[in-house]
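> Sequence first, predicted model second:
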Protein chains: 2
Amino acid sequence: MVDGLDDFDRSILDIVQRDCQMKAEAIGHTVGLSASAVQRRLKRMREQGIIKAEIAVVDRRVTGNPMTFITGMEIERDNYDALAKFRAWVDRQDHIQQVYYVTGAVDIIAIVTAHDVGQYDELMAQLMSQNPQIRRMHTNVVLKDLKLGMMVPVQS
Amino acid sequence: MVDGLDDFDRSILDIVQRDCQMKAEAIGHTVGLSASAVQRRLKRMREQGIIKAEIAVVDRRVTGNPMTFITGMEIERDNYDALAKFRAWVDRQDHIQQVYYVTGAVDIIAIVTAHDVGQYDELMAQLMSQNPQIRRMHTNVVLKDLKLGMMVPVQS
DNA sequence: AATGAAAGTATAGCTGT
DNA sequence: ACAGCTATACTTTCATT
């Protein structure tokens, strides 16, 4: 059980989703609480897993992996744990940022970073050879990021 | 000018992309530098925009927007600034997390969160009416997140 | 030029009321 | 929520490589 957020919690989450280094005092000033109250709430939400992680967002251009690809895949649905196996595999792949199991023309959509198309091709060849449950894939090359983030609206 | 990262910088980025609250002393111990050196490098990388943001990742289930949709769109390419206008518009839409301009069968791929399919439908109706340059769209409903993150590998 | 160590400053987080 | 306390994180300085 994780629910029971009040409006203060929601306002705090709205802020730290944009900047998790903001000081408790500044947050408190914005939402109308004391610094200690904000600290208590942040601690509680971290412990409850409501705040799952606090991460730095790095400019892709300086990482040596400036390209992004969005890959749709069809998965063999016959054996049920194909998904679980694939999940465990992608967890270990640093180049694979996000993976979604979806309805529609494809079963899985992944967001992949790579140095260039050659490296992407290699990564996908590895993926196919190490995951026979993936049957087919097609790729969209990202020409430009128009918006990037993990922000979810929390205001009621 | 933003380049010129050495192996220490790369190691630090590798860490803070997973946990940006880790203390400089702990980072230093891991990468083989003193706390002061780590703090100086972090400050520099923040100022240079190499670290673009530091954000909290919130559990979608507690936000009241538990559903995710991946939407492909076709855009009117005739007028060149259609993209720029759309970019400005999506920036103001909290429910739209990520937007990519891509090659392939669709021109744009967006990742959208919503409370339920009804709200998603409303959001997309608004999108179509306020952005006539978007001509057609098709939706994949996310059944399960297999991996979520913004992590980019930085190790040379 | 950048490091590491130490000193100094500031601030965060915790406690009790 | 506030005040007081403790701990510690960041900054600055400076000698060193």
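Yep, that arrived. Numbers count the residues shown, from 1 in each chain, chains lettered A, B, ... in the order given.

> Quick one: name the residues of chain A near DNA strand C.
Taking C-beta under 7 Å from any atom of the strand, the part of chain A that reaches DNA strand C is made up of A:23-25, A:35-36, A:39-40, A:43. C-betas here are computed from N, CA, C, even on glycine.

> let's see it at 10 Å
Counting by C-beta under 10 Å from any atom of the strand, the residues of chain A close to DNA strand C are A:21-27, A:34-40, A:42-44, A:46.

> so how many other residues sit close to A:C20?
20 (other C-beta atoms under 10 Å in any protein chain shown).

> could you measure it against DNA strand D, distance?
According to C-beta to the nearest atom of the strand, to the nearest Å, A:C20 stands 12 Å off from DNA strand D.

> Which positions in chain A make contact with DNA strand D?
Neighbours of DNA strand D within chain A, by C-beta under 10 Å from any atom of the strand: A:8, A:21, A:28, A:31-41.

> Separate out the buried members of these.
Taking 16 or more other C-beta atoms under 10 Å in any protein chain shown as the criterion, what is buried in the residues of chain A next to DNA strand D is A:8, A:28, A:31, A:33, A:37-39, A:41.

> Looking at the residues of chain A next to DNA strand D, which are in helices?
By the criterion of DSSP state H, membership of the residues of chain A next to DNA strand D in helices covers A:8, A:28, A:31, A:35-41.

> Is it possible to get a markdown table of those residues that adds distance to A:I55 and pLDDT?
A markdown table is the format used below for those (distance: C-beta to C-beta, whole Å; pLDDT from 0 to 100):
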| residue | distance to A:I55 | pLDDT |
| --- | --- | --- |
| A:F8 | 24 | 95 |
| A:G28 | 23 | 94 |
| A:V31 | 22 | 95 |
| A:A35 | 24 | 94 |
| A:S36 | 26 | 94 |
| A:A37 | 25 | 95 |
| A:V38 | 20 | 96 |
| A:Q39 | 20 | 95 |
| A:R40 | 23 | 95 |
| A:R41 | 20 | 96 |
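
> so the spatially closest residue to A:R136 that is not a sequence neighbour, which of the three states?
With sequence-adjacent residues excluded and distances taken as C-beta to C-beta, 6 or more residues apart in numbering or on different chains, A:R136 is closest to A:E74, at 4.5 Å. Recorded secondary structure, A:E74: strand (DSSP: H, G, I helix; E, B strand; the rest coil).
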